[in-house]
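Q: Sequence plus predicted model, see below.
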Amino acid sequence: MTRTLRPGPEPAPAPTTDEDGVRLPRLRFKDVVVRGAVQGIAAVVLLAVVSLFVADHHDRETFLAVVAGFSMVGSGVCIVFGGFFWAVCGGDVRRWRDWRTITGQTEAVTVMGPALFRLGVLALVLFPGAFGLYEVVDNAPYDSFLYGA
């Protein structure tokens, strides 16, 4: 009996790295902002689901207001410091997985710059989402599930 030999899956190519072991291509500003915005949208969806588990109306409003306030302040702080670290490290920006390639004390900003900036963009998207959910809960009719107990 004969059988057909099918080629197996090809092994994944090794990631391209430079002489320091840092993955190439380096992080780009646009990619960091887009990924932070997408993660922020996911955080708003998660916040909407979690807020439904807070039963009391006043507690739900307080929860959403606190999340909105912390995300507003956090976005400003993270974007300022992340942008500063990104500017300081010049063209040497690295991913979290490149943490092991850091050899000196001052090279941590090459990883923390993009990480803080992405977190700031996430919080910048979360702020209007949380504030909008607060307004929806505040204006919900008394007998609706959005109003709470």
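A: Perfect, thanks for sending it.
Q: Quick one: neighbours of V49, just the number.
A: 9 (other C-beta atoms under 10 Å). In this view, the C-beta of every residue, glycine as well, is placed from N, C-alpha and C.
Q: any idea which helix or strand comes after whichever helix or strand it is part of?
A: Using DSSP states H and E, V49 maps to helix 29-51. On the C-terminal side of helix 29-51, the closest following helix or strand by DSSP H and E is helix 57-89.
Q: and the following helix or strand past that next one, what's its mean pLDDT?
A: Sequence-wise, the next helix or strand downstream of helix 57-89 (DSSP H and E) is helix 109-138. Regarding helix 109-138, the rounded mean pLDDT is 95.
Q: returning to what we had before: report the inter-axis angle for the helix holding V49 versus helix 57-89.
A: Per axes from the mean of the first three to the mean of the last three C-alpha atoms, to 10 degrees, the angle that helix 29-51 makes with helix 57-89 is 160 degrees.
Q: now for helix 29-51, which elements pack on it?
A: helix 57-89, helix 109-138 (3 or more C-beta pairs under 8 Å, 6 or more residues apart in numbering; DSSP states H and E).
Q: Against which helices or strands is the last one packed?
A: In other words, helix 109-138. By 3+ C-beta pairs under 8 Å, 6+ apart, helix 109-138 packs against helix 29-51, helix 57-89.
Q: got TSV for the ones you listed, with mean pLDDT too?
A: Output for these, formatted as TSV (pLDDT from 0 to 100):
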stretch	mean pLDDT
helix 29-51	96
helix 57-89	95
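Q: who wins for proximity to V121 among the ones you listed?
A: helix 29-51 (3.0 Å; C-beta to C-beta).
Q: Tabulate the helices and strands packed on helix 29-51 (JSON lines), appending distance to P11 and mean neighbour count.
A: Formatted as JSON lines, the helices and strands packed on helix 29-51 follow (distance: least, C-beta to C-beta, whole Å; neighbours: other C-beta atoms under 10 Å):
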{"stretch": "helix 57-89", "distance to P11": "33", "mean neighbour count": "17"}
{"stretch": "helix 109-138", "distance to P11": "28", "mean neighbour count": "21"}
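Q: if we can go back for a sec, could you dump the helices and strands packed on helix 109-138 into TSV and include distance to A12?
A: TSV is the format used below for the helices and strands packed on helix 109-138 (distance: least, C-beta to C-beta, whole Å):
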stretch	distance to A12
helix 29-51	21
helix 57-89	29
